[in-house]
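Student: the following block contains a protein sequence and its predicted model.
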Amino acid sequence: MIRQIDEPEPSYAQLKAMSDSSQYRPVLILGAAPRISLAIARSLHQRGIPVDIASFQPEEPAVHSRAMRQFHRLPPRHQNPSAFHTALLSLIRSQQYDLILPASDPALAALAETYDDLSPLLHLGCPVPGTVERVLNKSLTLGIARRCGIRVPMSWTISTAADLESITPQLRFPVVVKPETKGACAATRVFYFSSPAELSSALRVNNWGRLLVQEYCPGVGVGIEILIHNGECVAKFQHRRLKEAPATGGVAVVAVSEEVDLELFQSSMTLLRALEWEGVAMVEFRVDHETASAVLMEVNGRFWGSLSLPIMAGVDFPLYYWQLIHGERPAVPPQYKVGMRWRWSPGCLERMQSVLTHRPDTIGSPAHSRLQELLSTAADFSPFTKEALWSWADPLPFFAELAHTVSTFAAAAFKAVSRRLFAQRANSYAETLSRLTPQARATYNKLRMQSALHLARDGRTSAGTAKSFLFVCYGNLMRSPMAEAMLKHVLAERGLNGIVVRSAGVHAVSGREAHAWALTVSRELQIPLDQHRAQPLTPQLVSSSDAIFVMDFENLAELETLYPNARAKTFLLSSYADGKQRGREIADPYFESIEGTRRCYALLRTCIDHLADEIAASRPEPSRRP
């Protein structure tokens, strides 16, 4: 079903009926940034094509929309690539998807990594891995562009402060610093530095990996969006960024459609052909109208953040791409609406926050005052400006993302205020929230509330019959290894055999030794941790354990978020404590002292003794050694 631009859109009741009886196999969108993934989903869904969305990044909240069938949460790719790979293949086989489309750079990188395994199963919305690498690696992209005669920023690649010293004589400040390779995380941070000393200091305290240092190029961002097939342009569109978030430069939050600049278009086609690119791409330039010059910034080899703008203006890139992949010829209109203004409201709020909380003289920030920024923002919310996510027939995604943005800002504001006004406990709470993903943050608050109302789940009398135990804390350096060692020690003393006891950390760095205080106190208790080496929590450890005990609500919230199927067997270890300590958190002594470690281990010993009592009571006498 191909709808002409001037035809009225079908209702969602009609679309649901079409989806349920669709002659088409479903499409999977990998990546859950709503302004991208929902633009794709709505485009295809309006044509009766079933769509699912999947995310492997915990920081991305779940997406719910009438334009999609299901949302799937996959294991985090950066934490456990093998588990992610297995889960993705399993999902594709079970749902019989026909096409997978990346909606972010990490998703594009993930498809390239699994290309050989995925390509026999379905169509992939990306070229072969070697071509994808030329787009994800900015140095490779800029090198190819330079050979094509396209102007690029002066750039250098560094990793450490020592590398900076060798190129400092060549630098002209201010400079822009960004990761050399896209695809490692959802948001690529861009930093601006005014002096060598400022940049050197930042490099010494941050482990950013390989970085691209570039000259600062003034001007406005212009995006040339192209659908290229067999080296030829099938559809094209141009937008100009009116505002970005943060104000120093980042993603578009207000933009306007423009007629395609033929010179920029030709440069874009020349570059995409040299890259051997096929499919959708957005070639981004920085255009300085005072000097009439344009500099290439980067190439996005997947659907871009302002995708809903060309769709609303009449260029439906997702549909055209789907048609090409299925051997159909797209009916691309000869022209689109020029001058259409577009707004991404959550991004506008982020920009406003950056303007209000940072120095007004920050590089790249608007030269006008904060008052002028507020006035212009009010104008941006004119009813004549199209909203990226709004749909009268499907309003939930807009309100959900707006609520998530406000919640994130509120948490950040609470953290900032609490540092000044509240005691250490409030600061600790804010810091905990800042470490958690949005989904885990909500779970954490719920657990704290249940504890305050004495409604928390009690693991006592629930784990005695278990044959395998797993203790979990943050880094597997102090609490969980001691709990593991204590239980092994007590079980051996009581002659209880055949029980597996292990420990892990949600954020453990594999191979690290126990903390120095833990080593000292464990020797005092004659249960030394000298041989302990930290290990990260994995799906295999979770699935193979009958009972999982965590130390605090942060651990519990993260486990319930990452492994919801293990919720029934996951408990606070303090369920086995005495008196008022029962059901409370066993605080991490990492930031306390050796005395705090002794107090922590005394509480652990009480819990472990009671747990061992329960285990012993559940075992028949013949199972014990004389």
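Tutor: Received it, and whenever you're ready, just let me know what you need.
Student: which residues sit in contact with the spatially closest residue to Ile36 that is not a sequence neighbour?
Tutor: Closest residue to Ile36 apart from its sequence neighbours, by Cβ to Cβ, 6 or more residues apart in numbering: Ala103 at 4.4 Å. Using the backbone N, CA and C atoms, a C-beta is placed for each residue, glycine as well. Neighbouring residues of Ala103 by Cβ atoms under 8 Å, 6 or more residues apart in numbering: 29-33, 36-37, 40, 53, 302-303.
Student: so which of those residues comes closest to Gly130?
Tutor: Proximity of those to Gly130 (Cβ to Cβ) peaks at Arg302, which lies at 16.5 Å.
Student: and that closest one, helix, strand or coil?
Tutor: Three-state assignment for Arg302 (DSSP: H, G, I helix; E, B strand; the rest coil): coil.
Student: look up phi and psi at it.
Tutor: For Arg302, the backbone dihedrals (degrees, to the nearest 10) come out as phi -170, psi 180.
Student: Pro246 contacts Met352, correct?
Tutor: No. Judged on Cβ atoms under 8 Å, Pro246 makes no contact with Met352 at a distance of 9.9 Å.
Student: with respect to Gln581, which of the contacts of Ala103 is nearest?
Tutor: Ala32 (39.9 Å).
Student: in what helix or strand does the closest one lie?
Tutor: Under the criterion DSSP states H and E, no helix or strand holds Ala32.
Student: relative to Lys569, how far out is Leu124?
Tutor: To Lys569, Leu124 is 38 Å away according to Cβ to Cβ, to the nearest Å.
Student: grab the longest strand from this protein for me.
Tutor: Scanning the chain for the strand with the most residues, using DSSP state E, yields strand 232-245.
Student: tell me the mean pLDDT over stretch 57-68?
Tutor: The predicted model assigns stretch 57-68 a mean pLDDT of 92.
Student: three-state assignment of Val254?
Tutor: strand.
Student: what residues are bridge-paired with it?
Tutor: On the basis of DSSP bridges, Val254 is bridged to Lys243, Arg343.
Student: re the thing from before, enumerate the positions of the longest strand of the chain that are buried.
Tutor: By neighbour count on 16 or more other Cβ atoms under 10 Å, the buried set for strand 232-245 is 234-245.
Student: relative to Leu611, how far out is the closest residue to Cys607 other than its chain neighbours?
Tutor: For Cys607, ignoring the flanking residues on the chain, the nearest one in space by Cβ to Cβ, 6+ apart is Tyr576 at 4.1 Å. Per Cβ to Cβ, Tyr576 is found 5 Å from Leu611.
Student: kindly report the same for Ile49.
Tutor: Counting by Cβ to Cβ, the gap from Ile49 to Leu611 is 53 Å.
Student: repeat that for Leu541.
Tutor: Leu541 is 19 Å from Leu611, where distance means Cβ to Cβ.
Student: those two: which is more packed in?
Tutor: Leu611 (26 against 18; other Cβ atoms under 10 Å).
Student: span of stretch 168-176 from start to end?
Tutor: 14 Å (Cα to Cα, to the nearest Å).
Student: who touches it?
Tutor: Residues outside stretch 168-176 that contact it (Cβ under 8 Å, 6+ apart) are 153-154, 156, 190-196, 199, 213-216, 249, 363.
Student: likewise stretch 286-297?
Tutor: For stretch 286-297, contacts defined as Cβ under 8 Å, 6+ apart pick out 142, 145, 150-153, 217-222, 263-264, 267, 271, 283-285.
Student: are any of those residues buried, and which?
Tutor: Looks like the contacts of stretch 286-297 have 142, 145, 150, 152-153, 217, 219, 221-222, 264, 267, 271, 283-285 buried, using 16+ other Cβ under 10 Å.
Student: now the two most distant members of those residues.
Tutor: Within those, two members stand farthest from each other by Cβ to Cβ: Gly219 and Leu271, at 18.4 Å.
Student: please enumerate the helices of the stretch 151-300 of the chain.
Tutor: All helices of the stretch 151-300 of the chain, identified by DSSP state H, counting those that start in this stretch, fall at 161-167, 196-205, 262-275.
Student: pLDDT score for Leu433?
Tutor: With respect to pLDDT, Leu433 has a value of 67.
Student: just Ala587 next, same as before
Tutor: The score at Ala587 is 89. That number is its pLDDT.
Student: which residues does it contact?
Tutor: Neighbouring residues of Ala587 by Cβ under 8 Å, 6+ apart: 552, 596, 600.
Student: among those, which are located in helices?
Tutor: By the criterion of DSSP state H, membership of these in helices covers 596, 600.
Student: wait, which of the contacts of Ala587 is closest to Met340?
Tutor: For Met340, the nearest member of these is Asp552. The distance, counting by Cβ to Cβ, is 50.5 Å.
Student: against Phe471, how distant is the residue nearest to Cys607?
Tutor: The gap separating Tyr576 from Phe471 is 12 Å, by Cβ to Cβ.
Student: cool, Thr377 as well?
Tutor: Taking Cβ to Cβ, one finds Thr377 at 50 Å from Phe471.
Student: and those two? Which one has more around it.
Tutor: Set Thr377 next to Phe471 and count neighbours by other Cβ under 10 Å: Phe471 wins out with 29 against 18.
Student: hang on, the more buried one packs against Asn555?
Tutor: No. Applying Cβ under 8 Å as the test, Phe471 and Asn555 come out as separate, 9.9 Å apart.
Student: count residues in the vicinity of the nearest residue to Ala161 once chain neighbours are set aside, would you?
Tutor: Nearest residue to Ala161 in three dimensions, chain neighbours excluded: Leu203, at 4.1 Å (Cβ to Cβ, 6+ apart). If you count neighbours by other Cβ under 10 Å, Leu203 ends up with 20.
Student: just Leu396 next, same as before
Tutor: Neighbour count for Leu396, taken as other Cβ under 10 Å: 13.
Student: that one touches Ser65, doesn't it?
Tutor: Yes. Contact criterion Cβ under 8 Å: Leu396 and Ser65 qualify, at 6.6 Å.
Student: and the pLDDT for His515?
Tutor: At His515, the pLDDT value in this model is 92.
Student: what's the helix or strand containing His72 packed up against?
Tutor: Using DSSP H and E, His72 falls within strand 71-73. Secondary-structure packing of strand 71-73 (3 or more Cβ pairs under 8 Å, 6 or more residues apart in numbering; DSSP states H and E): strand 51-55.
Student: roughly how far is the strand it packs on from the heart of the chain?
Tutor: Its chain's C-alpha centre and that of strand 51-55 lie 15 Å apart, by Cα atoms, centre = their mean, to the nearest Å.
Student: could you list the domains of this structure?
Tutor: Under the assignment automatic domain parsing, the domains of the chain span 12-126, 154-215, 226-387, 396-450, 468-623.
Student: cool, thanks, talk later.
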